[in-house]
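J.: model the structure of this input:
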Amino acid sequence: MKNKILPPSLRINITVIICLTIFVFSFLGISIHNMSENTIGEIGSAYMTGMNEQVSLHFETIIELRLTMAESIARIATGDVDSGYGTREEIEYGARARHFLCAALYSPDGGIEMIFGDPVALNHPAPFLESLQNGERKAASATGNDGDGVILFGVPCEYPMSDGNNSIAIVVGLSTQYMGETLFLDSDKSLSYSFVIREDGSYVVGNEGDSHKNYFDRLTSIFDGQDREAAACIEQLKAAINAGEDYSAIIKSGGSRHHIHCTNLPYCEWYLVTVLPFEGLDHAISGMELRWLTIVYAASFAVIAMLLYIFFRYLKLFRCQVSELKRMNTEMDVARNAAEQARKEAEQANAAKQEFLSSMSHDIRTPMNAIIGMTSLALENTDDPKRVQDYLSKIALSSKHLLGLINDVLDISKIESGKMALNVEPMSLREAMDSIVNIMQPQVAAKNQQFNVAAREILSENVYCDGVRLNQVLINLLGNAVKFTPKKGSVQLTVYQEALPEDATRVRTHFLVSDTGIGMSKEYQKVIFESFSREDNTRVRKTEGSGLGMAITKCIVDAMDGSISVHSEQGHGSEFHVVLDLERAAAPAVSEAVEGAAGAERANDVVLKERRVLLAEDNELNWEVARELLSILELELDWAENGEICVEKFKKSPVGFYDAIIMDVRMPVMDGYEATAAIRELEREDADIPIIAMTADAFSEDIQRCLSCGMNDHLAKPIDIQAVTCKLKKYLK
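T.: Have a look, this model is predicted:
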């Protein structure tokens, strides 16, 4: 037994803990009780303040509404200038229509002359008479013949009375029971109850079923024998009423408490008293205190259990965190490897760009070196026209090659920035093929190659497509085929179509470009459509190019929602396959085709000699170049330094003075677009003069913008004298 007895120190500790626990929970219970009482008081004060404000505002709204109704009845009584006073029947009808119990005229001496309803007597006539004599609106209480209370509403109004005098007001009345119901003073659902009293404590509204005739007597009965406390409370309430201040107090009587709140009301000498008994709240709070203590005791045991639960959960979480840390380390290793791979790819891409820049530096410097060298030789041999002619021919070839390199770089830059736009419009595949043949024929002939074009199974010759971009794709592919095919080799372009069962409005069009050239390695075929890619072998390095043509081709095909593939073997040539789903277009009318052919024939007969052309160009050097080149056509040129000067010269010229306008686009003061729009808006017979853009902005969207603003056609710089001749002959009459 001795071994089972607790050690003294442990017993003391347990006793101290038990006592401390009892003290803590006792203190907690007392504190909760006090806090509950304070909370009830605070809640009661807030509730009573808000309740009184709501009832007071509701009372003011009702009184304002009823006074407004009384004013409308007064307007019926006074009538207008032409018809005179309204009849008493009209006054009665107006009052009954507004649900008033009675209506009367109020004389200057305080007499009441009933228009309809039972006679009434004011309970306190002096304040009512004084307010109405001052021209104010007023509400007051009165008593009917049957002893029931009546609320009177008086508004100033002069109306003939039966004694020959004029009234100072018209008075209408409602029962106090109606006002109590309207103000919800007798609502059983409310936690509180309210009264409307006068300064002396007598009731106006709210004393139904109460044996006390005065609210101060009712307040005395609440204290139940505590006369001193009752007298002090009543004196404080009277003092607040006399001072025009709100009164709020909590009174205790036995085991019950009441919260009383009093405030004055507008348009009258009445006061709203609201009483909130605390019995229900006290009972609810006491039950809540008991439940709270029970919860506290239960929570103590729950806390211990929760601590144990948290400990084991923490242990489990710790193990999970260790596992998660291992997983994150694995993911970090994977991410590190991916970053390393990305770094290597970036280095490879950078190396490709460096290689491209090196190649481009070589490819650009080669034609530039030829241009500069041939220019120097031409200057040194000006006395030998034949040699100068040869030098100039080589300068022209090198310039065209350099322009092609620049165009490729600009194209890929525009594509990668997402600014490339397609200009989709009806086109003829036959005409496109004819144009491509005409373009490629000189290059093929120069290398003595065989060039075949085949078209088969064409379901729709006319389709919707960006013709310029399609030409660019095919010319890039054919240009490479010619470039990498040796002399006496062969290049072939095949076009065929097939129907799309799922969409009858579209047709799948295939373009095959094949050659018997040097071919490509399997490795290079995987990256051929990437920017700056060029196969690393001796024969390719000797061939000039930017390494961007295939990337541009791929981007254009992707923009057209098409596909491109390549099949090639080294030493056995290559074949590129482009597939585009194109919308069918209607064939042009026969008359239009005949008219177009006739127009082209007439264009060949146009004589440009002595035709007057206005050239808008802000760069003086460009103007001098244009003037010298166009002088070959024997045109009469007039120079405008910017768009504004161009418009002014055209406006001041006689009708028909100029035959055409060649317009630069990027100019100070007013650009070419604005100048064209201004010319088109002029009220002149020749406002439709042919306007041809001549600008370095050569993308398809730039061409479309020129046409949209009113220009007839577009020429890209540098100036091609043959292109200028063709355009002028096309539009000049």
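J.: strands along the stretch 251-400 of the chain, start to end?
T.: For the stretch 251-400 of the chain, strands defined by DSSP state E, counting those that start in this stretch occupy the ranges 256-264, 271-277.
J.: could you tell me which residues within the first one count as buried?
T.: When burial is assessed from 16 or more other CB atoms under 10 Å, strand 256-264 yields the following buried residues: R257, H258, H259, I260, H261, C262, T263, N264. (Glycine included, C-beta is placed from N, CA and C.)
J.: between the residues you listed, which is nearest A243?
T.: A243 lies nearest to N264 out of the buried residues of strand 256-264, by CB to CB, at 10.2 Å.
J.: specify the beta-bridge partners of the closest one.
T.: As for beta bridges, N264 partners with Y271 under DSSP bridges.
J.: my read: it touches V273, true?
T.: No: if you go by CB atoms under 8 Å, N264 and V273 don't touch, sitting 10.7 Å apart.
J.: hang on, the earlier thing: reformat the buried residues of strand 256-264 as a markdown table; add pLDDT.
T.: As requested, the buried residues of strand 256-264 are arranged in a markdown table below (pLDDT from 0 to 100):
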| residue | pLDDT |
| --- | --- |
| R257 | 75 |
| H258 | 77 |
| H259 | 78 |
| I260 | 83 |
| H261 | 80 |
| C262 | 85 |
| T263 | 83 |
| N264 | 82 |
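J.: pick out the most distant pair among the residues you listed.
T.: Farthest pair in the buried residues of strand 256-264, by CB to CB: R257 and N264, 25.0 Å.
J.: can you lay out the buried residues of strand 256-264 as JSON lines showing distance to P654?
T.: Formatted as JSON lines, the buried residues of strand 256-264 follow (distance: CB to CB, whole Å):
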{"residue": "R257", "distance to P654": "108"}
{"residue": "H258", "distance to P654": "106"}
{"residue": "H259", "distance to P654": "101"}
{"residue": "I260", "distance to P654": "103"}
{"residue": "H261", "distance to P654": "97"}
{"residue": "C262", "distance to P654": "99"}
{"residue": "T263", "distance to P654": "93"}
{"residue": "N264", "distance to P654": "94"}
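J.: looking at those residues, which is nearest E71?
T.: N264 (23.5 Å).
J.: from M520, how far off is that closest one?
T.: 102 Å (CB to CB, to the nearest Å).
J.: one step back: and which of the buried residues of strand 256-264 is nearest to G173?
T.: Using CB to CB as the measure, the one of the buried residues of strand 256-264 that approaches G173 most closely is N264, at 22.2 Å.
J.: contacting residues around the residue lying closest to C102 once chain neighbours are set aside?
T.: Distance criterion CB to CB, 6 or more residues apart in numbering; nearest residue to C102, sequence neighbours excluded, is G117 at 2.5 Å. Residues in contact with G117 (CB atoms under 8 Å, 6 or more residues apart in numbering) are F100, L101, C102, A103, A104, G173.
J.: make JSON lines from those and add secondary structure, pLDDT and distance to I30 to it.
T.: As requested, the contacts of G117 are exported to JSON lines (DSSP: H, G, I helix; E, B strand; the rest coil; pLDDT from 0 to 100; distance: CB to CB, whole Å):
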{"residue": "F100", "secondary structure": "coil", "pLDDT": "91", "distance to I30": "59"}
{"residue": "L101", "secondary structure": "coil", "pLDDT": "90", "distance to I30": "57"}
{"residue": "C102", "secondary structure": "strand", "pLDDT": "93", "distance to I30": "61"}
{"residue": "A103", "secondary structure": "strand", "pLDDT": "93", "distance to I30": "63"}
{"residue": "A104", "secondary structure": "strand", "pLDDT": "93", "distance to I30": "63"}
{"residue": "G173", "secondary structure": "strand", "pLDDT": "92", "distance to I30": "57"}
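J.: in ChimeraX, select just the buried ones from these.
T.: Restricted to buried positions by 16+ other CB under 10 Å, the ChimeraX selection for these reads:
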select :100,101,102,103,104,173
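J.: I'd like the contacts of G117 as JSON lines, with distance to T15 appended.
T.: Formatted as JSON lines, the contacts of G117 follow (distance: CB to CB, whole Å):
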{"residue": "F100", "distance to T15": "80"}
{"residue": "L101", "distance to T15": "78"}
{"residue": "C102", "distance to T15": "82"}
{"residue": "A103", "distance to T15": "85"}
{"residue": "A104", "distance to T15": "85"}
{"residue": "G173", "distance to T15": "78"}
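J.: E199 falls within a strand, correct?
T.: No: under DSSP: H, G, I helix; E, B strand; the rest coil, E199 falls outside any strand and is assigned coil.
J.: and the pLDDT for it?
T.: The model reports E199 with a pLDDT of 80.
J.: dump the residue contacts of it.
T.: Counted by CB under 8 Å, 6+ apart, E199 has contacts I241, N242, E269, Y271.
J.: number of nearby residues for the closest residue to the third one other than its chain neighbours?
T.: Think E269. Sequence neighbours aside, P127 is the residue nearest to E269 in space, at 5.5 Å (criterion: CB to CB, 6+ apart). P127 has 14 neighbours, counted by other CB atoms under 10 Å.
J.: quick one: the strands in the stretch 1-150 of the chain, in order.
T.: Assigned strands in the stretch 1-150 of the chain, in chain order: 102-106, 112-116, 120-122, 138-144, 149-156 (criterion: DSSP E, counting those that start in this stretch).
J.: now do the contacts for P588.
T.: Taking CB under 8 Å, 6+ apart as the criterion, P588 is in contact with P426, S428, N462.
J.: please report phi then psi for I528.
T.: phi -60, psi -30 (degrees, to the nearest 10).
J.: now V171
T.: phi -120, psi 130.
J.: I figured it hits C157, correct?
T.: No: contact criterion CB under 8 Å: V171 and C157 do not qualify, at 9.1 Å.
J.: more neighbours, those two?
T.: V171 (29 against 23).
J.: how far away is the more buried one from S162?
T.: 15 Å.
J.: next: M51.
T.: M51 is 46 Å from S162, by CB to CB.
J.: higher neighbour count, these two?
T.: More neighbours surround M51 than the other of M51 and S162, with 19 against 7 (other CB under 10 Å).
J.: contacting residues for that one?
T.: Residues near M51 by CB under 8 Å, 6+ apart: S192, S194, H261, T274, L276.
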